[in-house]
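Enquirer: Have a look; sequence and predicted model below, questions after that.
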Amino acid sequence: MKTNLSPILRLTLAAVLVLLVGLSALQMIPPRAVPATAPAARFSAERAMADLQVVAREPHAAGSEAQARVRTYIIDQVKALGLNAELETSGQIANILVRIPGSNPSLMVMVTGHYDSHPPSRGAGDDGISVVAMLESLRVLHASPALRNDILFLFTDGEELGWKGATAFIQAHPEAKNEVGMLLVFDARPGNAPLNLTETSPGDGWLLRQMTGIPLSLWAGSWKNLQERNEVDTDFDIFQPAGYTSVVFQNEATGTRYHTERDRVDAISPNLVQAYGQSMLALTRRFGSIDLRARTKAPDLAFFTLSLVGLVAYPYWVMLALSCLGILVWLAFVIIAWIRGRFSPGRFLLSLLGLLVGILFCVLVAQLAWGAIKGSHAAEVAAYEGFEGSATWQAALMAGGSLLMILFLAFLSRRLGGFPLAAASTLLFLIAGFAFNTMTKYENPLTTPWLAWPFLGGVTGMGVLLFTRRPVWKVVLLSLSALLVLAVAVPRIWMGTFTREDAWLTVLAVCVWMELLAPQVEAMVGSALTTGRTNGAKRRHP
């Protein structure tokens, strides 16, 4: 007998889903900026923002007089701490090196970011955020007890000319790759998208395990980590092929300020600077406190961050095994449901068709709305290939697409049954993942957190509909299955608002993820199927 939830339990499940969305998004919210009155041993975004006012006062390309003024400011701030700033030049390129001695060094930790800008940009975001985070981190480390390992801060020059500062350092210090146990590369873009761990060096098992369990104000996920190692986008992509154990962090942003005169201080949130500083210090202290000679080359790990948990990393084969098991369980659930009269090929095919129609409708409406929105900012779009406030509009359209998809799920569930709809949505999600992987050549969708865990959540929801009879347990287990979907999908969706300048793809992604909540929608609105026995009888005696 199928169990219907009471109105109170339905409302409870709906409230839990909303709570899970908020909890999943929590990791995307940067910490509050610490005021300048904070102790010297604590990172203060307000102090860093004062540095940014000077660093990003004007465009400062490598080799320019403006760049020389920025360089002088950095050196003066270092000398004010009683530290030595070493200048290494190579033609018009001038790198700044600042070393903080360790108490019992093994290998060195190196922190780097570039201090040149790309005119007409003033470089407040790219890469002033990293520069001032490094300056403030220097002050904090100087005011704190010495770490075990030496810390080297490298302010590179000429990154915007083709990573010339990083190249010059490698050429001047060919032995450094054996002396640097860990390299932390920071880059940034103007805008206020969350700080993101974007790439790791090959054999990242050791470094990722060292990063688990520490407070990081950032978002991470191995969605396309392997492919991006072959690209050249930041100084990381110069150091990594040279043999450095390294990781790169940066935020994402739309193109409305990137490399334009809009890259000014007023575009930068102090909260984002606080996230950069806190993460930079947490990582520097972790790697600065351990014996880096014990580092090993371990197989790459799949990884992502969870709210209130931090970085989660595990072998790719574990995720592959779980995903393959999920496929087998999906097939077993369908067979059991068919035997029990809870599944029919006709309802399943109609569910697939209904989901496709619903998704296409949501995408079409969103893209039409996006065209009208862009039309109202036509001049700005023509000049900057985007417009201010695009992320907000993207978020609004994605939220609207989510609500429309929920309505479609409710409609289909009432008429076709919750289990056939859940089976169809999970299969469609898996097919979409493989199609996306084929087109983009990203990681295997069965090992990519954004696809594998939501798929397992969808399969779990199918099992709850099929086997769970007690109403309270149904709510509990459906909440857990929704957590598998939302915990990794919501942050990825959030990032989509900052990285796209169209609506169809972001709304498509939202709808494909939202369809996995078919079991939860069925529990809240009910379905056309009331009992397995009745349906079985109808199927045997039409």
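Expert: Done, it's in.
Enquirer: next helix or strand past the helix or strand hosting residue 346?
Expert: Using DSSP states H and E, residue 346 falls within helix 345-375. Sequence-wise, the next helix or strand downstream of helix 345-375 (DSSP H and E) is helix 378-384.
Enquirer: What average pLDDT does that following helix get?
Expert: Average pLDDT, helix 378-384: 86.
Enquirer: I would like the residues contacting it, please.
Expert: 255-257, 260, 262, 374, 386-388 (Cβ atoms under 8 Å, 6 or more residues apart in numbering). Just so you know, the C-beta spots here come from the backbone N, C-alpha and C atoms, and that holds for glycine as well.
Enquirer: Show me which of those are buried.
Expert: 255-257, 260, 262, 374, 386-387 (16 or more other Cβ atoms under 10 Å).
Enquirer: what's the lowest-pLDDT member of those residues?
Expert: Minimum confidence in the buried ones among the contacts of helix 378-384 sits at residue 255, scoring 64.
Enquirer: what about residue 198, neighbour count?
Expert: Residue 198 has 24 neighbouring residues, counting by other Cβ atoms under 10 Å.
Enquirer: Now it. Its backbone dihedrals?
Expert: phi -100, psi -30 (degrees, to the nearest 10).
Enquirer: Would you state the helices of the stretch 201-350 of the chain in chain order?
Expert: Secondary structure of the stretch 201-350 of the chain (DSSP state H, counting those that start in this stretch): helices at 205-211, 225-228, 236-239, 270-288, 316-340, 345-375.
Enquirer: Reformat the buried ones among the contacts of helix 378-384 as a markdown table; add distance to residue 216.
Expert: Putting these into a markdown table (distance: Cβ to Cβ, whole Å) gives the following:
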| residue | distance to residue 216 |
| --- | --- |
| 255 | 27 |
| 256 | 28 |
| 257 | 25 |
| 260 | 30 |
| 262 | 29 |
| 374 | 35 |
| 386 | 29 |
| 387 | 32 |
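Enquirer: now the helices of the stretch 201-350 of the chain in CSV, with distance to residue 504?
Expert: CSV is the format used below for the helices of the stretch 201-350 of the chain (distance: least, Cβ to Cβ, whole Å):
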stretch, distance to residue 504
helix 205-211, 34
helix 225-228, 23
helix 236-239, 30
helix 270-288, 28
helix 316-340, 27
helix 345-375, 4
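Enquirer: Indicate which one of those helices is closest to residue 488.
Expert: helix 316-340 (11.5 Å; Cβ to Cβ).
Enquirer: contact partners of that closest one?
Expert: 299-302, 343-344, 419, 423, 426-427, 430, 444, 446-447, 449, 452, 455-456, 459, 462-463, 466, 532, 536.
Enquirer: pLDDT below threshold where in the stretch 301-450 of the chain?
Expert: 442-443 (pLDDT under 70).
Enquirer: pLDDT below threshold where in the stretch 1-150 of the chain?
Expert: 1-3.
Enquirer: returning to that earlier point: just the ones in strands from the contacts of helix 316-340, please.
Expert: 301-302 (DSSP state E).
Enquirer: Please pick the buried ones from the contacts of helix 316-340.
Expert: Neighbour counting with 16+ other Cβ under 10 Å marks 300-302, 343-344, 419, 423, 426-427, 430, 444, 446-447, 449, 452, 455-456, 459, 462-463, 466, 532 as buried within the contacts of helix 316-340.
Enquirer: Could you pull out the helices in the stretch 1-150 of the chain for me?
Expert: Using DSSP H, counting those that start in this stretch, helices in the stretch 1-150 of the chain cover 7-25, 45-55, 65-79, 129-142.
Enquirer: one step back: I'd like the contacts of helix 378-384 as JSON lines, with distance to residue 328 appended.
Expert: Shown next, in JSON lines, are the contacts of helix 378-384 (distance: Cβ to Cβ, whole Å):
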{"residue": "255", "distance to residue 328": "44"}
{"residue": "256", "distance to residue 328": "47"}
{"residue": "257", "distance to residue 328": "48"}
{"residue": "260", "distance to residue 328": "52"}
{"residue": "262", "distance to residue 328": "52"}
{"residue": "374", "distance to residue 328": "45"}
{"residue": "386", "distance to residue 328": "45"}
{"residue": "387", "distance to residue 328": "48"}
{"residue": "388", "distance to residue 328": "49"}
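Enquirer: which ones among the residues you listed are found in strands?
Expert: Per DSSP E, these never map to strands.
Enquirer: Out of those, the closest to residue 412 would be?
Expert: residue 374 (31.9 Å).
Enquirer: can you tell me which residues contact the closest one?
Expert: Contacts of residue 374 (Cβ under 8 Å, 6+ apart): 381, 387.
Enquirer: any idea how far it lies from residue 389?
Expert: 11 Å (Cβ to Cβ, to the nearest Å).
Enquirer: what do you get for residue 319?
Expert: 37 Å.
Enquirer: More neighbours: which of the two?
Expert: With neighbours defined as other Cβ under 10 Å, residue 319 and residue 389 compare such that residue 319 has more, 23 against 13.
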